[in-house]
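Peer 1: curious how this folds, go ahead:
(one chain, ligands or ions: 3)
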Amino acid sequence: MTQSTKTDKDYSIYFQPPSLKDAKKRGKEDIQVHYDFSIPEELQGFGKDKYYMIRTYGCQMNEHDTETMKGMLEAMGFQSTDDKQQADLILLNTCAIRENAEDKVFGELGHLKTLKTERPSLLLGVCGCMSQEEAVVNRITQKHPFVDMIFGTHNIHRLPQLLKEAYFSKEMVVEVWSKEGDIIENLPKKREGVKAWVNIMYGCDKFCTYCIVPYTRGKERSRRPQDVLAEVRDLARQGFQEIMLLGQNVNAYGKDFDDIDYRFGDLMNDISKIDIPRVRFTTSHPRDFDDHLIEVLSRKGNLMEHIHLPVQSGSSAILKKMSRKYTREGFLELVAKIKKAIPDVVLTTDIIVGFPGETDEQFEETMSLVREVQFDSAFTFIYSPRDGTPAAAMEDNVPETVKKERLQRLNELLTELSLQSNQKLQNQIVEVLVEGQSKNNPDMLSARTRTNKLVHFKGGLELVGKRVQVLVNEVQTWLVKGELIKKSDKQAI
Ligand code: SAH
Ligand code: SF4
Ligand code: F3S
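Peer 2: Ligands and ions are numbered 1, 2, ... in the order given. Just a heads-up that it's a prediction; the model follows:
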């Protein structure tokens, strides 16, 4: 694979350029569900004696896509490695959400160039959300020609074929479909640990003005209920203790079905009857959070009393510019309704500071909303303009130093709230699911409460994957410590 032979002409045969313009002209085409995925027989031994490594950036959706790619690669005979020097194939599963996410990937490509020069047989691939961006594909083809393959989020199931093409051709293989994306069922997945991710829907149709996701992940499309339920039952049979249902906006689940009236509340209700101890979901857009869902969640059982509910801003004017389709008052009403139905609920959120034109007063509205709701924690970000999104064209008169200062003040407030919330657990007995050894101290186990709080306590590895009772005796800002009381009896689920 001599790099110098790669020219524009060579890769053009495979190149179907992604286009933000096309993505915006989102149509009403039917989504096809495909149940016939298989790895062609001639590719099943393709990875024999070869090692792969996948670097994953971004959200849980991407983490889960990585599990799918691992599943496919291992079905082709590849083995996993953490050692770059040993890897025959390195894939970067990228994230495009903010500029710094993209910078990390370009930085990594710089390092990999050296490796590739030393060992030309190494195969390098870039996939995930960045590959869906026109500008990124152009930059890689022009400035990083040593990359062997680029494929998009709608092309993951084509990995076996793309790998074969990349191995046998001199050209960079680029396959990025900007079509809306179908649903491919029955893809192999390599899951590890006690928790499992389950996609319930793909894509996003919300087009918040700052966000790249609707362009990188395609149109909102829900998996059929019977396919989701079958997967959850199977995970229960395999012994998984917790599932996390995934979607960019899980509350929009089922809105795209035109043959059945079945929404997220119905799905949660059906999942609550399956014998899997813990069920979580992310992410919940406040706009589609309906009363039926609140009622189902209030019955608890295996549905956890933690809701990640991104607010983004506490100012109605900014929310309007973000096109979030709810106001500050609407959000507070929703929170009040949820708290009334589930009094011990824990709420977490995402917040963007320094949106174009955000005034001091508007930022203060975010601070006061955070205090009022008493979020337990939040992911906080400085606004990052994304090419092709409406907000990128808005006038931004907020200096970078002001944005940084706002972020710092917000984070200080969140630190205060997290400590306060953890203090409520002092001397309480909590049920936790043990996830593994603590990273910093091998004598300690790391576990989570139903409300997703981190708990460390002393215990043996035989407790991993078990639910146990812990008495909290030390409270810190981001975690609590405790001592083991007893293994839980059969839980009432
Ligand atoms: N679908 C989820 C969010 C997924 S992206 C939802 O709507 O809640 C995760 C978070 O990244 C968002 O909630 C937002 O806070 C942040 N984010 C998205 N685009 C951003 C941008 N351009 N700049 C800064 N933060 C951004
Ligand atoms: Fe982005 Fe908004 Fe969709 Fe979330 S709901 S993924 S923030 S466009
Ligand atoms: Fe990033 Fe794509 Fe997720 S942009 S946050 S990896 S959906």
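Peer 1: apart from its neighbours in sequence, what residue is nearest the residue of the stretch 201-350 of the chain at minimum distance from ligand 3?
Peer 2: For the stretch 201-350 of the chain and ligand 3, the shortest gap (CB to the nearest ligand atom) falls at Val213, measuring 4.9 Å. No exception for glycine: its C-beta is placed from N, CA and C like everyone else's. Once flanking residues are discounted, Val213 sits nearest to Cys204: 5.0 Å by CB to CB, 6 or more residues apart in numbering.
Peer 1: same check on Val228?
Peer 2: Leaving aside its sequence neighbours, Val228 sits nearest to Ile200 (CB to CB, 6+ apart; 5.3 Å).
Peer 1: cool, and Ile294?
Peer 2: Ala341 (4.9 Å).
Peer 1: related to what we said a few turns ago, for the residue nearest to Val228, what are its contacts?
Peer 2: Ile200 makes contacts with 222-223, 228, 245-247, 250, 253, 264, 267, 281, as judged by CB atoms under 8 Å, 6 or more residues apart in numbering.
Peer 1: quick one, phi/psi of the residue nearest to Ile294?
Peer 2: phi -80, psi -30 (degrees, to the nearest 10).
Peer 1: distance of it from Cys95?
Peer 2: Going from Ala341 to Cys95 by CB to CB, to the nearest Å gives 34 Å.
Peer 1: neighbour count winner among the two?
Peer 2: Higher neighbour count among Ala341 and Cys95: Cys95, with 23 against 15, using other CB atoms under 10 Å.
Peer 1: look up the closest residue to that one, ignoring the ones flanking it.
Peer 2: The nearest residue in space to Cys95 (CB to CB, 6+ apart) is Gly58, at 2.7 Å.
Peer 1: per the record, what domains does the protein have?
Peer 2: Domains of the chain are assigned by automatic domain parsing as 2-19+29-175, 184-421, 429-489.
Peer 1: which stretch in those has the least confidence?
Peer 2: Per-stretch mean pLDDT for the domains of the chain is lowest at domain 2-19+29-175 (a mean of 89).
Peer 1: is any residue of that domain near ligand 2?
Peer 2: No. On the criterion CB under 6 Å from any ligand atom, domain 2-19+29-175 is out of touch with ligand 2, staying 8.3 Å away.
Peer 1: what's the neighbour count on Val402?
Peer 2: 15.
Peer 1: just Lys340 next, same as before
Peer 2: If you count neighbours by other CB under 10 Å, Lys340 ends up with 11.
Peer 1: longest helix in the chain, please.
Peer 2: helix 400-423 (DSSP state H).
Peer 1: and the contacts of that one?
Peer 2: Residues contacting helix 400-423 (CB under 8 Å, 6+ apart): 346, 351, 353-354, 358, 363, 366-367, 370-371, 374-378, 380-383, 453, 475-480.
Peer 1: so which strand or helix has Ala101?
Peer 2: Assigned by DSSP states H and E, Ala101 falls within helix 99-118.
Peer 1: sheet-wise, list the partners of whichever helix or strand comes after that helix with their directions.
Peer 2: Moving toward the C-terminus from helix 99-118, the next helix or strand (DSSP H and E) is strand 123-128. Applying DSSP bridges, strand 123-128 is found paired with strand 89-94 (parallel), strand 149-151 (parallel).
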